[in-house]
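>>> This is a predicted model, with the sequence first.
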Amino acid sequence: MKIVMDMDPGVDDAIALILALNSPELEILGITTTYGNVSVEKSTKNVFRILKLVGKTDIPVFTGARKPLLGTPDYAEDIHGEEGLGDVSLSHPKIDPAGNAFDFLREVVRSESDITIVATGPLTNLALTILIDEQFVSHVDKIIHMGGAYNLTKYGYGNVGPLSEFNIYSDPYAASIVFNSGAEIFSVGLDVTRHPDAVFTAQEIREIGDRGGRIGKLLPRMVERMLNSEGYVAIHDAVPVAYLVDSSILKFMDAWVSVETSGLEAYGATILDNREWVPMELRQGAPIKVAYWIDGSKYKDLLWDRVFK
Ligand SMILES: [Ca+2]
């Protein structure tokens, strides 16, 4: 499967990228970066650091958005560390982007067919590309992204506000544009990425640090802030990548979703219209697919085999 990754590394983006790099089922045509967990300068630098760590420096990297469509970025350096990869120090490779994200996205979907876009940060790059290129979506096979909190499981509540997940909250206007673009959208929200079956306990993180390989040994320091703040470690962004490797890891349902772009407590909320008495064609929001179930142990086994071991 040919993929383009759009990301803001970010500890869990880093794990997602390493999983994709180590998965022969996936061919990464390019990586586009965005502001999000950290500034776009830092997230771009982190992509180069990870590519160097894994020894795959031939994949082109393209710099994307610095800011959301409206407002200013609200970084998550308290969770991801000042540099974005927790508190590990990786070497500083040459930062040499091959161009900008928007030109690359427009060109790559025309030069290759059946491209899946995997987005694990705010959706600003995709929204801007959709706004400037009417044909873009018709050239894309599907977009799978990590984001949203859909109240489909008891874990589907927000992580920024009571209803708002970080990637959507960062740019709800962009999310709304992408969801309503007509592309086939697979949304992987906190309902599944935070499910207890799919997260790592403090003891499991220690074991990975003790028994793991080169990257497994880095993990405890990468995730220390997450563990201290939440008491467990959810590697949210690797879940959509794992699904592309093994489609039995997630189950999706057809859903109608709107993104709240006003209000205070609900700003950035993903609202799923699940009213069964309302006919499908009259439900509110964009028709997308939303993940409601995860095989957590299969997911964690995949991470162990391909990233931590
Ligand atoms: Ca991310």
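Arrived safely, thanks for sending.
>>> residues touching whichever residue of the stretch 201-309 of the chain sits closest to the ion, list them.
Proximity of the stretch 201-309 of the chain to the ion (C-beta to the ion) peaks at D237, 4.7 Å away. Where C-beta positions appear, they are placed from N, C-alpha and C, glycine not excepted. Residues in contact with D237 (C-beta atoms under 8 Å, 6 or more residues apart in numbering) are 7, 10, 12-13, 15-16, 120, 146.
>>> which of those has the most neighbours?
The residue in these with the most neighbours, by other C-beta atoms under 10 Å, is D13 (32 neighbours).
>>> What residue, apart from its backbone neighbours, is nearest that residue spatially?
Spatial nearest neighbour of D13, chain neighbours left out: M7 (4.4 Å); criterion: C-beta to C-beta, 6 or more residues apart in numbering.
>>> what about that neighbour, distance to N37?
Computed as C-beta to C-beta, to the nearest Å, the M7 to N37 distance reads 9 Å.
>>> Could I get the contacting residues of the spatially most central residue of the chain?
Centroid-nearest residue in the chain: T120, 1.7 Å away (criterion: C-alpha atoms, centre = their mean). By C-beta under 8 Å, 6+ apart, the residues touching T120 are 5-8, 10, 12-13, 16, 145-146, 167, 236-237, 240.
>>> Ramachandran coordinates for it?
phi -120, psi 20 (degrees, to the nearest 10).
>>> ok, now L29?
phi -80, psi -20.
>>> Go ahead and confirm it touches K2.
Yes - L29 is in contact with K2 according to C-beta atoms under 8 Å; the separation is 5.7 Å.
>>> joint contacts of those two?
112, 115.
>>> For I144, see how far away T32 is.
T32 is 15 Å from I144, by C-beta to C-beta.
>>> These two: which is more packed in?
T32 (30 against 24).
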